[in-house]
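**Q** Could you work out the structure for the sequence below:
(one chain, ligands or ions: 1)
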Amino acid sequence: MTIDPIQLAQSLIRCPSVTPADAGAIGVMADALESLGFICHRMSSDERGGPAIANLYARLGDAKPNFAFAGHTDVVPVGDAAAWSDDPFSGHVKDGRLHGRGAADMKGALAAMVAAISRYLDKNGKPAGSISLLITGDEEGKSLNGTRSILEWMEAHSETVDACVLGEPTNPDRLGTTIKVGRRGSMTGRLSVRGVQGHIAYPHLADNPLPRLVRLLTTLAELKLDSGTAHFDPSNLEIVTIDVGNGATNVIPAKGEAVFNIRFNDTYDSRSLESLIRKALDAAGGRYQLDFEITGESFLTPPGSLAQIVKDAVAAAIGLTPSYSTTGGTSDARFIHHHCPVVEFGLVGETMHKVDENVAVADVTALTEIYRSVLERYFAAK
Ligand SMILES: [Zn+2]
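**A** Reported below is the predicted structural model:
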């Protein structure tokens with residue numbers, strides 16, 4: 001049975017699965033995978049609070065090694081619906097391009113995975129091992145009950161994976177240019193400085209916290225974290241907001257607050273970075289309060305056999321040699337890399353999250369061939 005990636009992508013786009021809604025998208029994936037002989041475990045996950053999320057773990061075969069594709073069916077909101085040239089959930093093809101919310105991020109890639117598996121099975125029969133899919137409906141939101149929940153379910157059911165390709169749209173403007181082998185970590189710091197409110201004309205009766213806040217922020221802004229590592233750009237700290245909220249010109253405010261975000265490479269983990277920040281602020285002097293929220297640690301899958309397999313598959317399918325990158329925001333690979341080597345390769349991300357999101361039909365077809373070739377190379381090497 002051969003699955004057409006464009007038809008499947010259209011069926012997925014027609015489900016308006018804006019996080020946390022599933023709108024039937026997981027079912028579309030499960031039906032297609034069941035038609036290929038997969039055993040599908042559908043889950044409804046809400047253990048970390050919030051609305052229940054539809055997730056799916058599907059597996060074909062029970063032998064090792066277990067090769068996994070991973071991805072998400074949820075999409076970001078359409079935004080200004082009136083600005084779209086067409087219904088954002090129509091999944092129509094126009095001038096050789098597939099349109100709709102999620103076409104690039106990442107329903108096109110999900111369809112390519114399933115179609116690639118169908119072609120692999122047509123040609124090779126069942127692999128000497130297993131093929132799995134980890135599909136979540138909670139990636140674009142807070143990712144509370146998404147891939148993490150699937151991985152926990154797998155652990156509880158003694159399901160292990162040996163290698164994983166995540167289908168995020170890694171290529172900035174042309175298919176075949178970029179494989180992601182890691183991601184920077186991200187943490188947000190909330191800094192607040194307190195003083196004593198008072199009349200501007202009687203400063204000796206007050207304590208203005210703002211000079212202290214400015215001094216601390218200058219220290220942060222001037223901090224040189226590192227010069228980058230083999231696969232990462234330098235870590236970067238950005239001050240994102242400074243809030244005092246003082247509308248009066250004759251009042252010394254009681255409090256000043258600022259928020260900063262750090263994208264950090266594998267020189268640090270969030271703990272070592274936090275202690276470095278606190279040391280620098282302590283040295284600058286003055287009382288402050290600081291809280292951190294960690295979105296993700298940095299991680300790297302050292303470019304080895306898995307990344308090489310994807311690289312070779314791209315070269316064989318479309319004649320380009322992609323480079324390894326760790327740029328961009330974080331992804332669900334931050335959860336998966338604790339379990340097995342994971343690399344990310346998908347469609348062109350140029351229009352993701354934008355109005356009139358679309359991808360070239362030819363790219364979805366080419367990605368299908370790349371994924372098929374990844375499967376062939378992975379199982380041939382075992
Ligand atoms: Zn995505």
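
**Q** close enough to count as contact, Val193 and Gly286?
**A** Yes: between Val193 and Gly286 there is a contact at 7.2 Å, judged by C-beta atoms under 8 Å. In this view, the C-beta of every residue, glycine as well, is placed from N, C-alpha and C.

**Q** Pull up the overlap in contacts between the two.
**A** Residues touching both Val193 and Gly286 (C-beta atoms under 8 Å, 6 or more residues apart in numbering) are 212, 216.

**Q** Please identify which of these two sits among more neighbours.
**A** Neighbours were counted for Val193 and for Gly286 using other C-beta atoms under 10 Å; Val193 has more, 24 against 13.

**Q** Report the beta-bridge partner residues of the more buried one.
**A** Taking DSSP bridges, one finds Gly256 as the beta-bridge partners of Val193.

**Q** got the buried residues for the lengthiest helix in the chain?
**A** Longest helix in the chain by number of residues (criterion: DSSP state H): helix 361-380. By neighbour count on 16 or more other C-beta atoms under 10 Å, the buried set for helix 361-380 is 361, 363-379.

**Q** Also stretch 275-291?
**A** For stretch 275-291, burial by neighbour count (16+ other C-beta under 10 Å) applies to 277, 281, 284, 288, 290.

**Q** wait, which of the residues you listed is closest to the ion?
**A** Closest approach between those and the ion, by C-beta to the ion: Ile277, at 29.7 Å.

**Q** Which secondary structure state does the closest residue to the closest one other than its chain neighbours sit in?
**A** Computed as C-beta to C-beta, 6 or more residues apart in numbering, the closest residue to Ile277 that is not its neighbour in sequence is Gly189, at 6.7 Å. Look at Gly189: counting by DSSP: H, G, I helix; E, B strand; the rest coil, its state is strand.

**Q** Gly189 pairs with what?
**A** Beta-bridge partners recorded for Gly189 (DSSP bridges): Phe260, Phe292.

**Q** Ile242 now?
**A** Judged by DSSP bridges, the bridge partners of Ile242 are Ala258.

**Q** Please tell me how far it sits from Leu191.
**A** Ile242 sits 9 Å away from Leu191, going by C-beta to C-beta, to the nearest Å.

**Q** Might you name the residue of the stretch 51-200 of the chain sitting closest to the ion?
**A** Asp105 (4.1 Å).

**Q** Quick check: that residue is in a strand.
**A** No: going by three-state DSSP, the assignment for Asp105 is helix, not a strand.

**Q** hang on, Thr136 packs against Leu151?
**A** No: Thr136 is beyond contact range of Leu151, at 9.9 Å (criterion: C-beta under 8 Å).

**Q** of these two, who's got more company?
**A** Between Thr136 and Leu151, counting by other C-beta under 10 Å, Thr136 is the more crowded of the two (30 against 21).

**Q** Give me the nearest residue to that one, chain neighbours excluded.
**A** Nearest residue to Thr136, sequence neighbours excluded (C-beta to C-beta, 6+ apart): Gly146, at 3.9 Å.

**Q** check contacts around the one you found.
**A** Going by C-beta under 8 Å, 6+ apart, Gly146 touches 45, 53, 55, 72, 136-139, 332.

**Q** ok, back up a step: OK, contacts around the residue nearest to Ile277?
**A** Counting by C-beta under 8 Å, 6+ apart, Gly189 has contacts 259-262, 277, 290-292.

**Q** just the residues you listed now: which is nearest the ion?
**A** Minimum distance to the ion across the contacts of Gly189 is 19.9 Å, recorded for Asn261 (C-beta to the ion).

**Q** what's around that closest one, how many residues?
**A** 15.

**Q** From Ser186, how far out is it?
**A** The value you get for Asn261 to Ser186, if C-beta to C-beta is used, is 7 Å.
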